[in-house]
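> model the following, please.
(2 chains)
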Protein chains: 2
Amino acid sequence: MSDYQAPVRDMQFVLDEVFSVDKLWARLPELSELDWDSALAILEAAGKLCAEQIAPINRSGDEQGCSFNAGSVCTPKGFPEAFARFAGGGFCGFCGEAELGGMGMPKTLGVQLEEMLAASNLSFSLYPILSAGAALLLNAHASEAIKQTFLPKLYSGQWCGTMCLTEAQAGSDLGLIRTRAEAKEDGSYKISGSKIFITGGEHDLTENIIHLVLARLPDAAPGSKGISLFLVPKFLVREDGSLAERNQLSCGSIEHKMGIKASATCVMNFDGATGFLIDAPGKGLAAMFTMMNYERLGVGIQGLGAAERSWQNALAYAKERKQGSEAGSQEAVSIIEHADVRRMLLTMKVLIEGGRAFSCYLASQLDLAKYSKDAAERERAEALVALLTPLAKAFLTDIGLEVTVLGQQIFGGHGFIREAGQEQLVRDVRITQIYEGTNGIQALDLAGRKLVSNNGAFYRLFADEIKDFIASAELGLQEFTTPLAKALNSLDELTTWLLKQGKQDRREIGAASVEYLQVFGYVTFAYLWAKMAQVALAKEGDFYLGKLASARFYFARLLPRIHSLAETAKAGSGVLYELNEALF
Amino acid sequence: MSDYQAPVRDMQFVLDEVFSVDKLWARLPELSELDWDSALAILEAAGKLCAEQIAPINRSGDEQGCSFNAGSVCTPKGFPEAFARFAGGGFCGFCGEAELGGMGMPKTLGVQLEEMLAASNLSFSLYPILSAGAALLLNAHASEAIKQTFLPKLYSGQWCGTMCLTEAQAGSDLGLIRTRAEAKEDGSYKISGSKIFITGGEHDLTENIIHLVLARLPDAAPGSKGISLFLVPKFLVREDGSLAERNQLSCGSIEHKMGIKASATCVMNFDGATGFLIDAPGKGLAAMFTMMNYERLGVGIQGLGAAERSWQNALAYAKERKQGSEAGSQEAVSIIEHADVRRMLLTMKVLIEGGRAFSCYLASQLDLAKYSKDAAERERAEALVALLTPLAKAFLTDIGLEVTVLGQQIFGGHGFIREAGQEQLVRDVRITQIYEGTNGIQALDLAGRKLVSNNGAFYRLFADEIKDFIASAELGLQEFTTPLAKALNSLDELTTWLLKQGKQDRREIGAASVEYLQVFGYVTFAYLWAKMAQVALAKEGDFYLGKLASARFYFARLLPRIHSLAETAKAGSGVLYELNEALF
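Below you'll find the predicted structure:
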């Protein structure tokens, strides 16, 4: 596999040139000391660490996998050392609060780190990323005492965090959770039950692991309203932060999986383990959603990272590999000269770069939601985050599969061979469409809770922003704004249709949701490609010519996908239910 | 993984009820003794053998893989025994000439056997399927002496055959082949060179392996016109058919792959091995195409088989797994009740059943091309086979990936776990889009050689058949024939456009070919679904209601894909070449 290079130049284009993040940071007091040059230096340092320490153990990690022995999990060779270096650089607390030992970085930079990590080594990335999500949850919902005890250790990477949701009978439907919590006299709780698919539930990277566990109190209401959240550490922690005895929990086994083999996916058994209630009883799922929303964007970025890695490999291969000659010549040319190889490469390129712009856009809304002092601005940003998070999770991971499959296809037969590295990316990225809520669940969230339930209020915020962009764009941008306006019009129509149908019959939401999400995604990318083209048009040089050509490719060959998707979405639920279960 | 059941009822529907194959066979002298009841008994026997002997070693074969030791290859546990049983049933010579020990079965039954084999165990299926392709080639191009010596042993499964084309520098572009052949005084040839990606190049299933090797004679023209074909057995063969000394060839290593791990993918080194010229010098590639066209349909059917296996598993899981409740209830329902799960299941179902109808249609044309006594009928059938073979290879394998990914998605997190079996199908089927000519190469073949090069003559044969069907269909079928006519009109328009563009600039063919093939595929499936609906409308009972509901789903939710594809195809090559190589 060719080496990974962090795409810092392209990150700079999006952050600095398209979104002018330094101006955003300058008006948010907690971020006002960060300037673009410092940010660039941080990105370069992170890119170097990822490329030199984490990317090289990606394939060996896949070959070796994690091993399980009597309750212990060994990560592959080099993982503990790489984790120590990563933590040593302060990256485990990258976006964590500075007063508790974090680096206090904005999410606009955080998503770049996540992309580099995922591109370097998706399995490796899950340990620190989940830990950062756990810290975020604790920061939002835990008591001051718990924050003081746990957050500095999570930010320093001495400890890791997990999220323990799924049970054998409770996957997409967390209301079916059975793990029990009983109050003890000392104010703590006794947690009993078994969780499956727990990423990083056990490993050898850190001295302690902090599990965030969903469970039911004895008098809890049925369904999701009866779920509470508990912090359950592998080793109990004394008041001074030192480790006490081992808690009553253990890893029962690890899964054998299609990919992310260096990430330990654990069965976790809680046998009367001591836990501490986070937030109020019955508020567990709501609190967990703080973490899940964070993770969902993170999972979307995993799709993007795997896609970027595949693209770098495929581009190098397409320039180097010679097959087929031009008419009238005997000499084979680089396959990048062939039209269909170009089609595949450009599809990869514009989906990745559109995805990167999207993750930056969403990250800037997260920064506003967290740091803005203007309540209206915060509220608007929160609405956009709520609307666009399921889109980021599902659309970017669907892109992840499409792009890694194309990147494998460009390698021909060699793409199927493990040594070339391209097939691992397909296997690894496949989980991103499934975990943290399947992409079908994301689509239901978008079309149901984020659209129909608020009668399109969030949607209109976003659509109006695009309309304002089109209205204020200069004449020279019409090549892009004209088709963008048409595409937005299609999305508007489809949204109106879905609002009407969905209010009459909830089934119609489920029947249209996946295609609706896809149309939404392609229109969002068209908006972002038009914004990128606007910047590129005003500048000179090959880099910007490349951006313009990419934007043209996107509008000519990918945006048209919305026509079929919109027609399919409108087919309605009738054809889904004509066949009753017995007829299948 | 749930057990595999051969879909004999559905095969019967397509063969007997839709295509009335017994009437076809009755008018072809070599097949006239075969009636439908006998055919059904053969299908049931084959299905039982596949389900009981070959399907159970699919997952263990994946886990164990093939092993390589000092030039020898061991297949996984149970493979030699299963192969012996398969061969013992006469299935290695299923479509082989009866006078040389084959069963003389029509291709219309042969494709069913291939589907069952691929669904049961894709890795296993490659050994007999490649061997059957080698036998087909020898039957068409070898001398009588070679046929008499080799075909009975290939048909009985005592020996296996391979095809040795690819070299490190020659993949899609076989004109770059360097393996050399020098004439010896006894009329045989000395073959020297190294081949890669040779499926079944070495194994422990049979006592001899017959390699069909592409090589160059000393005075050969450059490029593909200078390629000749040689039969190179692992063990030389005496005149009486007994084995003599080992030939100068060896397996250098086997590949580590994403999937089909129980299929040995070999580097084969020919070190002055003795070979025998097949057909005339320089005719090697043309002769090999006899085999490759056969294999290409076979590879398409592999996509179909993997899809069918995934579907059987996903349907069982969707009925059994309970998640999520209906509004107003606490009780979780089977996930088959959820609209988006139904969308996925129905997409799988109609693509598989459409694919099965397509493979039967193409097989019936192969039977006509081989057995008809009417020259005009043979010529027409040959033209349809030439046109539709690249479509079958690429479209059915693209469907294979889409369907197995959906079948994995329906399993949620369990779909990513090896024990559930769904992820193996995704890994296995992925190679089918790559080998035997990548799907991009198939699209070029369809749009270039099979369309532009003959000015659309083959295409018009097929389009006229669909138009005749529409014109003669009863009024009650308008629900399907009206949208079919519109879709065919779109394909006609796109074809006219491509003929015009492609004659002016060959690059336009490459730029549009993949989307053109996809549009062609969806229109073909619409024709076949309309034919199936026609039969179902005339009958009563749940089975036929299910077919009608499936046809409606296909027209409502899958056929609309052609709109976006056609628009994209027409985007032209300009946007592909605006970015020069340096700008990438």
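
> any part of the helix or strand containing residue A:192 near chain B?
Under the criterion of DSSP states H and E, residue A:192 resides in strand A:189-199. Yes. For strand A:189-199 and chain B, the contact criterion (Cβ under 8 Å from any Cβ of the partner chain) is met by A:196, A:197. Any C-beta I mention is one placed from the backbone N, CA and C, and that applies to glycine too.

> which residues in chain A form strands?
Listed from the start of the chain, chain A has strands (DSSP state E) covering A:67-69, A:72-74, A:159-164, A:180-183, A:189-199, A:208-216, A:227-233, A:235-237, A:243-246, A:249-254, A:265-278, A:322-325, A:332-334.

> which outside residues touch the last one?
When you say that, I think you mean strand A:332-334. Applying Cβ atoms under 8 Å, 6 or more residues apart in numbering or on different chains, the set of residues contacting strand A:332-334 from outside is A:318, A:319, A:320, A:321, A:322, A:323, A:324, A:325, A:326, B:173, B:176, B:581.

> quick one on the thing from earlier: and the strands of chain A: which comes nearest residue A:297?
The closest of these to residue A:297 is strand A:159-164. By Cβ to Cβ, the value is 14.7 Å.

> paired strands for that closest one, with orientation please.
Using DSSP bridges, strand A:159-164 pairs in its sheet with strand A:208-216 (parallel).

> among the contacts of strand A:332-334, who's most crowded?
residue A:318 (22 neighbours; other Cβ atoms under 10 Å in any protein chain shown).

> apart from its neighbours in sequence, what residue is nearest it?
Counting by Cβ to Cβ, 6 or more residues apart in numbering or on different chains, the nearest residue to residue A:318 once its immediate chain neighbours are dropped is residue A:336, at 4.1 Å.

> in stretch A:326-345, which residues are buried?
Along stretch A:326-345, the positions that meet the burial threshold by neighbour count (16 or more other Cβ atoms under 10 Å in any protein chain shown) are A:332, A:334-345.

> widest-spaced pair of those?
Of all pairs drawn from the buried residues of stretch A:326-345, the one with the largest separation by Cβ to Cβ is A:332 and A:343; the distance is 19.6 Å.

> residues contacting the residue of the stretch 201-350 of chain A found nearest chain B?
Sorted by distance to chain B under Cβ to the nearest Cβ, the residues of the stretch 201-350 of chain A start with residue A:339, at 3.1 Å. Contact analysis of residue A:339 by Cβ under 8 Å, 6+ apart lists B:507, B:509, B:510, B:511, B:513, B:573, B:576, B:577.

> could you do residue A:232 as well?
A:164, A:191, A:210-213, A:247, A:249, A:270, A:273-276.

> what about chain A, any weak spots by pLDDT?
Applying pLDDT under 70 to chain A picks out residues A:1-2, A:327-328.

> circling back to that earlier point, look up how far residue B:513 lies from the residue of the stretch 201-350 of chain A closest to chain B.
As judged by Cβ to Cβ, to the nearest Å, residue A:339 and residue B:513 stand 8 Å apart.

> run a quick neighbour tally on the residue of the stretch 351-500 of chain A at minimum distance from chain B.
Across the stretch 351-500 of chain A, no residue is closer to chain B than residue A:423, which sits at 3.8 Å (Cβ to the nearest Cβ). Using other Cβ under 10 Å, residue A:423 is surrounded by 29 other residues.

> quick check: closest non-adjacent residue to it.
Nearest-residue entry for residue A:423: residue B:258, 3.8 Å, with adjacent residues in sequence omitted and distances by Cβ to Cβ, 6+ apart.

> need phi/psi at that neighbour.
Residue B:258 has phi and psi values of phi -70, psi -40 when expressed as degrees, to the nearest 10.

> tell me who's in contact with it.
Residue B:258 makes contact with A:416, A:417, A:418, A:423, A:426, A:427, B:427, B:430, B:431, according to Cβ under 8 Å, 6+ apart.

> what's the spacing between it and residue A:402?
Counting by Cβ to Cβ, the gap from residue B:258 to residue A:402 is 17 Å.

> go on, residue A:584?
Residue A:584 sits 28 Å away from residue A:402, taking Cβ to Cβ as the criterion.

> same check on residue A:239?
51 Å.

> and those two? which has more neighbours close in?
Between residue A:239 and residue A:402, residue A:402 has the larger neighbour count (other Cβ under 10 Å), namely 16 against 8.

> tell me which parts of the stretch 101-250 of chain A are close to chain B?
A:166, A:169, A:170, A:171, A:172, A:173, A:175, A:176, A:196, A:197, A:222, A:223.

> ok so, going back, just give the nearest non-adjacent residue to the residue of the stretch 201-350 of chain A closest to chain B, would you?
Leaving out its chain neighbours, the residue that sits closest to residue A:339 by Cβ to Cβ, 6+ apart is residue B:510, at 3.1 Å.

> who's in contact with that neighbour?
The contact partners of residue B:510, by Cβ under 8 Å, 6+ apart, come to A:338, A:339, A:340, B:444, B:573.

> report the two of those residues separated the most.
The distance between the two most remote of those (Cβ to Cβ) is 13.2 Å, for B:444 and B:573.

> which one of the two is surrounded by more residues?
residue B:444 (25 against 19).

> was I right about residue A:310 contacting residue A:423?
No. Judged on Cβ atoms under 8 Å, residue A:310 makes no contact with residue A:423 at a distance of 10.0 Å.

> what do these two both touch?
Shared contacts of residue A:310 and residue A:423, defined by Cβ under 8 Å, 6+ apart, are found at residue A:408.

> what does the stretch 351-500 of chain A put close to chain B?
With Cβ under 8 Å from any Cβ as the criterion, the stretch 351-500 of chain A meets chain B at residues A:401, A:405, A:408-409, A:412-413, A:415-419, A:423, A:426-427, A:430-431, A:433-435, A:438-440, A:443-444.

> how much space between the nearest residue to residue A:40 once chain neighbours are set aside and chain B?
The spatial neighbour of residue A:40 that comes closest, neighbours along the chain excluded (Cβ to Cβ, 6+ apart), is residue A:12 at 6.4 Å. In this structure, residue A:12 lies at 18 Å from chain B, with Cβ to the nearest Cβ, to the nearest Å as the measure.

> now residue A:12: how far from residue A:45?
Here residue A:12 is placed at a distance of 14 Å from residue A:45 (Cβ to Cβ).

> out of the buried residues of stretch A:326-345, which are inside helices?
Residues from these lying in helices, with DSSP state H as the criterion: A:339, A:340, A:341, A:342, A:343, A:344, A:345.

> mind putting the contacts of residue A:339 in a markdown table, distance to residue A:89 included?
What follows is those, written out as a markdown table (distance: Cβ to Cβ, whole Å):
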| residue | distance to residue A:89 |
| --- | --- |
| B:507 | 48 |
| B:509 | 51 |
| B:510 | 46 |
| B:511 | 46 |
| B:513 | 48 |
| B:573 | 46 |
| B:576 | 41 |
| B:577 | 43 |
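
> inside helices: which ones of those?
Using DSSP H, the members of these that fall within helices are B:507, B:509, B:510, B:511, B:513, B:576, B:577.

> what's near enough to touch the nearest residue to residue A:114 once chain neighbours are set aside?
Residue nearest to residue A:114 in three dimensions, not counting chain neighbours: residue A:301, with 4.6 Å by Cβ to Cβ, 6+ apart. Applying Cβ under 8 Å, 6+ apart to residue A:301 gives the contacts A:111, A:114, A:115, A:118, A:359, A:392, A:396.

> mind putting those into a markdown table with neighbour count?
Supplementary listing: the contacts of residue A:301 in a markdown table, determined by neighbours: other Cβ atoms under 10 Å in any protein chain shown:
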| residue | neighbour count |
| --- | --- |
| A:111 | 28 |
| A:114 | 27 |
| A:115 | 29 |
| A:118 | 31 |
| A:359 | 27 |
| A:392 | 29 |
| A:396 | 31 |
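
> which one among those residues gets closest to residue B:462?
residue A:396 (39.8 Å).

> run a quick neighbour tally on the closest residue to that closest one other than its chain neighbours.
Across the structure, with Cβ to Cβ, 6+ apart as the measure, the residue nearest residue A:396 apart from its sequence neighbours is residue A:300 (3.5 Å). Per other Cβ under 10 Å, the neighbour tally for residue A:300 reads 33.
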